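Asks: One predicted model, sequence on top.
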Amino acid sequence: MENKRLENLFQKMRHGADYNYEQWLDSPEILADDFRLMKQSHSNVMSIGIFSWAMLEPEDGHYDFSWLDRLMDELAANDIGAILATPSAAPPAWLSQKYPETRRMNVLGHREPHKGRQNFCFTSPVYREKVNQINRQLAERYQNHPALLLWHVSNEYGGVQCHCELCYEAFRTWLKNRYGDLNTLNHAWWTTFWSHRYTAWDQIEPVDVSTHGLMLDWQRFTSDQALDFYKAEIVPLRQITPAIPITTNFMRPDVALDYWRFAEHVDVISWDSYPRWHQTDDVVTGMETAFYHDLHRSYKQGLPFLLMESTPSVTNWQGISRVKKPGAHKLTSLQAIAHGSNSVQYFQWRQSRGAWEKFHGAVVSHLNSSDTRVFRDVTQIGESLEKLSAILPSTNKASVAVIYDYENEWALNNAQIPRTLGKKYQITCQHHYAPFWQQGITVDVINARTDLSKYKIVIAPMLYLMGKGLPERIEAFVQAGGVFVTTYVSGMVDDSDLAFLNGYPPALRRTLGLYSEEIDALTDEQQGVLELCEGNDLNLAGSYSFHEYAELIHPETATMIAAYGSEFYAGYPAITVNNYGNGKAYYIAARTDDELLADFYKSLARAENINGALSVDLPKGVTAQVRETENQRFVFLMNFTDQLQMVDLGEAHFTDQLTGSPAADEVTLYPYDIRILSAPIP
Ligand code: GAL
């Protein structure tokens, strides 16, 4: 393991849950049950102390670690690792009362009352100081404790916005560092528009959605400020426990944080995954979840991640939450392993008795019994993970990447383009990812700053914001032999959200071999047709539909693969390719149906000699994902349908990693089934 700090953590596949021991201090019989049941379920980690500040520091400066000492000792005695949290996500009431400036201020200038959690100001020096003090106490006290495995810093940071004077001051300082003077800022934000010019820094208030540059920078700042807070939080941990790894649990990317920047400061990525199984099409939910796992794996390439939270049954916040169908718990838990996780962990170990989450799913429910479907499912995962140690050092290797970029998403969210309704940036990235998932081809989900050179194919749907240097990096990638695919609504603005003049940035225009003139927007009811040109370079034929966006482009050196077949622009190019240097750049000018994307990418993968995990076509809804070491491949064959599916393994001879027996040539997958197959690499 390259990162020495992770050796201990990744000695085994990890299995465990968030454990709220402190809620049961007056019920020793429950606590005794807990440790017995943890062993029974083959759990080997527990995330503890996440929301326990009020129990650790009941009064300002008066700490009580007695219960945590007992908990840490119990865990060690049971050979269960502690993922010990810093408690900053939920300040105690006394703190909010005594230091009101730690409470967040809303956009109208009102302090939020003390309630819920994650309710504090990231800038407040008092809050930072109080967090630093308690984190120091924790690190000093447990630095040599045998249970301490990993720091869980805070909980689910978000780019939440605080409008207090301290945050505004910090924002203005951030702007001064970025722009130097107001003239430069006024130009970057195009403030002559609607008379928005600033003549003093303290006129700047991040409340004006009509100034796009301002809002984009405010979003960047709030993300940076959360990271700055995190960096302050970990100072005592790094000082006192340099050998203990650090993580903070990430979420799906809708929380206004640039996680790529966080990733540089954590030792291991962990994330909380709560898909809505059995509510719509599980194949689509399976694909989306795969996309997010791949995103989290890609934050730190070559390293495994942790599935820090998932529900063993239902959530309590999704509006509708269905219990998992037979097989689904195993499938969805091991899906994370397939995509590069070295753990399956849950929220929560035991259902709390009262308050908000009392009916959220848990390994141990209010029945307090191991004789439940959920407990049996969880135990089965624990047993399975113990048989998967050979997979620990393996990685997922991708030669295809989809760019899904946060700054681009933030800028696009504010963009007033011909179709502002349903821009669907994130979903569009998933639509371009899905054909590879279906074929069992590994994909990294990267951002626009990631080095492109290791990939054969890079796909950048709707890359509206092309930051400084990016067009040149794309050009170099294609010249060196890479295949680049982009779409409508790309290359429109720069880092400041200013439109490019004279069309695309020159490097992009040369690479794509075209320029774009207009974007047509269709209503929800309207659809168009596009026709593949004969003899096109991907051997595609027939017609497909498009909807929502249709761009009118002018090829310069690019050639046509498909033409529009409807509207006044019938005959205009709809898909083009430009042979450039040693590579190719494709442009998909309209939002097409999924069939086109499936056929397009299948043909492209074939042309680029990129193979799926198995050399056979997989039935719809079945995917195969690969992890490999130098001498062994592990193929995770997963059925996200509620139908029985047969997969012919072709010539390959595999061993079933969970049973140790040779796999049949034709594998029968039951509804929601997963099979883990291994074979030596010759
Ligand atoms: C997570 C959070 C947990 C718990 C869980 C419920 O977002 O980190 O503390 O609230 O959701 O699903």
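Replies: Ah, there it is. Since the model is a prediction, treat every value here as computed from it, not as a measurement.
Asks: For the chain, give me the ranges with low pLDDT.
Replies: Using pLDDT under 70 as the threshold, the predicted model of the chain has low-confidence ranges 1-2.
Asks: Go through it and flag its longest helix.
Replies: In the chain, ranked by residue count with DSSP state H as the criterion, the top helix is helix 212-233.
Asks: Let me see the residues that make contact with the following helix or strand past it.
Replies: Read in the C-terminal direction, the helix or strand following helix 212-233 is helix 235-240, with elements assigned using DSSP states H and E. For helix 235-240, contacts defined as C-beta atoms under 8 Å, 6 or more residues apart in numbering pick out 86, 132, 135-136, 139-140, 143, 151, 153, 244, 246. To be clear about C-beta, it is placed using only N, CA and C from the backbone, and glycine gets the same treatment.
Asks: With stretch 133-144 instead?
Replies: By C-beta under 8 Å, 6+ apart, the residues outside stretch 133-144 that reach it are 49, 53, 56-57, 61, 63, 65, 68-69, 72, 82, 84, 86-88, 148, 233-234, 236-237, 239-241, 244.
Asks: Give me the distance between the closest residue in space to residue 394 that isn't next to it in sequence and residue 188.
Replies: Excluding the flanking residues, the one nearest residue 394 by C-beta to C-beta, 6 or more residues apart in numbering is residue 627, at 3.9 Å. If you measure residue 627 against residue 188 using C-beta to C-beta, to the nearest Å, the figure is 45 Å.
Asks: can you give me the strands for the stretch 1-150 of the chain?
Replies: Listed in chain order, the strands of the stretch 1-150 of the chain (DSSP state E, counting those that start in this stretch) span residues 14-19, 45-48, 81-85, 148-152.
Asks: if we can go back for a sec, who touches the residue nearest to residue 394 in this structure?
Replies: Residues counted as contacts of residue 627 (C-beta under 8 Å, 6+ apart) are 337-338, 340, 391, 394-396, 633-634, 636.
Asks: Now intersect those with the helices, please.
Replies: 337-338.
Asks: Put together a markdown table for the contacts of residue 627, with neighbour count and distance to residue 303 on each row.
Replies: Converted to a markdown table, those look like this (neighbours: other C-beta atoms under 10 Å; distance: C-beta to C-beta, whole Å):
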| residue | neighbour count | distance to residue 303 |
| --- | --- | --- |
| 337 | 28 | 14 |
| 338 | 25 | 16 |
| 340 | 26 | 8 |
| 391 | 23 | 14 |
| 394 | 21 | 12 |
| 395 | 16 | 8 |
| 396 | 22 | 11 |
| 633 | 17 | 19 |
| 634 | 23 | 17 |
| 636 | 23 | 18 |
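Asks: circling back to that earlier point, PyMOL command for the buried members of the contacts of helix 235-240?
Replies: A single PyMOL command is used to select the members of those judged buried by 16 or more other C-beta atoms under 10 Å:
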select buried, resi 86+132+135+139+151+153+244+246
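Asks: Of the contacts of helix 235-240, which is the nearest to the ligand?
Replies: residue 153 (12.7 Å; C-beta to the nearest ligand atom).
Asks: hey, C-alpha coordinates of the helix or strand residue 260 falls within in PDB?
Replies: Under the assignment given by DSSP H and E, the secondary-structure element containing residue 260 is helix 259-263. Extracted in PDB, the C-alpha atoms of helix 259-263 (Å, rounded to 0.1, in the frame of the first residue of the first chain):
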ATOM      1  CA  TYR A 259     -14.800  17.500  -3.400                       C
ATOM      2  CA  TRP A 260     -11.800  17.300  -5.700                       C
ATOM      3  CA  ARG A 261     -10.200  19.900  -3.500                       C
ATOM      4  CA  PHE A 262     -11.100  18.100  -0.300                       C
ATOM      5  CA  ALA A 263      -9.800  14.900  -1.800                       C
END
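Asks: which residues in the stretch 451-600 of the chain form helices?
Replies: Per DSSP state H, counting those that start in this stretch, the stretch 451-600 of the chain carries helices over the ranges 470-479, 506-512, 594-607.
Asks: Residue 429: which of these is closest?
Replies: When those are compared by C-beta to C-beta, helix 594-607 sits nearest residue 429, at 11.5 Å.
Asks: Just give me how far that closest one sits from the chain centre.
Replies: Put simply, helix 594-607 sits 25 Å off its chain's centre (C-alpha atoms, centre = their mean, to the nearest Å).
Asks: before we move on, what about stretch 438-449?
Replies: Taking C-alpha atoms, centre = their mean, one finds the center of stretch 438-449 at 12 Å from the center of the full chain.
Asks: Same question for stretch 215-224.
Replies: Mean C-alpha position of stretch 215-224 versus that of the full chain (C-alpha atoms, centre = their mean) differs by 19 Å.
Asks: still on that earlier bit, identify the residues contacting the helix holding residue 260?
Replies: Here helix 259-263 has contacts from 157, 223-224, 227, 230, 248, 250, 253, 269, 299-300, 406, 447, 449, using C-beta under 8 Å, 6+ apart.
Asks: so of those, which ones are in strands?
Replies: Mapping those onto strands (DSSP state E) picks out residue 250.
Asks: Of the contacts of helix 259-263, grab the buried ones for ChimeraX.
Replies: With 16+ other C-beta under 10 Å as the burial test, the buried ones among these are selected in ChimeraX as follows:
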select :157,223,224,227,230,248,250,253,269,299,300,406,447
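Asks: can you put the contacts of helix 259-263 in JSON lines and add distance to the ligand?
Replies: Formatted as JSON lines, the entries for the contacts of helix 259-263 read as follows, by distance: C-beta to the nearest ligand atom, whole Å:
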{"residue": "157", "distance to the ligand": "11"}
{"residue": "223", "distance to the ligand": "18"}
{"residue": "224", "distance to the ligand": "22"}
{"residue": "227", "distance to the ligand": "18"}
{"residue": "230", "distance to the ligand": "15"}
{"residue": "248", "distance to the ligand": "11"}
{"residue": "250", "distance to the ligand": "10"}
{"residue": "253", "distance to the ligand": "14"}
{"residue": "269", "distance to the ligand": "15"}
{"residue": "299", "distance to the ligand": "18"}
{"residue": "300", "distance to the ligand": "20"}
{"residue": "406", "distance to the ligand": "19"}
{"residue": "447", "distance to the ligand": "23"}
{"residue": "449", "distance to the ligand": "27"}
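Asks: for the contacts of helix 259-263, which one is nearest residue 532?
Replies: Out of the contacts of helix 259-263, the one with the shortest distance to residue 532 is residue 447. That distance is 32.0 Å, counting by C-beta to C-beta.
Asks: residue ranges of the helices in the stretch 101-250 of the chain, please?
Replies: 125-142, 165-179, 182-189, 212-233, 235-240.
Asks: Look at the nearest residue to residue 557 once chain neighbours are set aside and say how many residues are nearby.
Replies: Nearest residue to residue 557, sequence neighbours excluded (C-beta to C-beta, 6+ apart): residue 513, at 3.6 Å. For residue 513, the tally of surrounding residues (other C-beta atoms under 10 Å) stands at 20.
Asks: All the strands of the stretch 301-450 of the chain, residue numbers only.
Replies: Using DSSP E, counting those that start in this stretch, the strands found in the stretch 301-450 of the chain span residues 306-309, 343-346, 400-403, 443-446.
Asks: Adding mean neighbour count and distance to the ligand as columns, could you present those strands in a markdown table?
Replies: Shown next, in a markdown table, are the strands of the stretch 301-450 of the chain (neighbours: other C-beta atoms under 10 Å; distance: least, C-beta to the nearest ligand atom, whole Å):
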| stretch | mean neighbour count | distance to the ligand |
| --- | --- | --- |
| strand 306-309 | 27 | 6 |
| strand 343-346 | 27 | 10 |
| strand 400-403 | 24 | 25 |
| strand 443-446 | 24 | 21 |
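Asks: and residue 104, which of those is closest to it?
Replies: Nearest of the strands of the stretch 301-450 of the chain to residue 104, taken as C-beta to C-beta: strand 306-309 at 23.8 Å.
Asks: Check which helices and strands the closest one sits against.
Replies: For strand 306-309, the elements it packs on are strand 270-272, strand 343-346, judged by 3 or more C-beta pairs under 8 Å, 6 or more residues apart in numbering; DSSP states H and E.
Asks: how far out from the middle of the chain is it?
Replies: Averaged C-alpha coordinates place strand 306-309 at 12 Å from its chain's average position (C-alpha atoms, centre = their mean).
Asks: Noted, bye for now.
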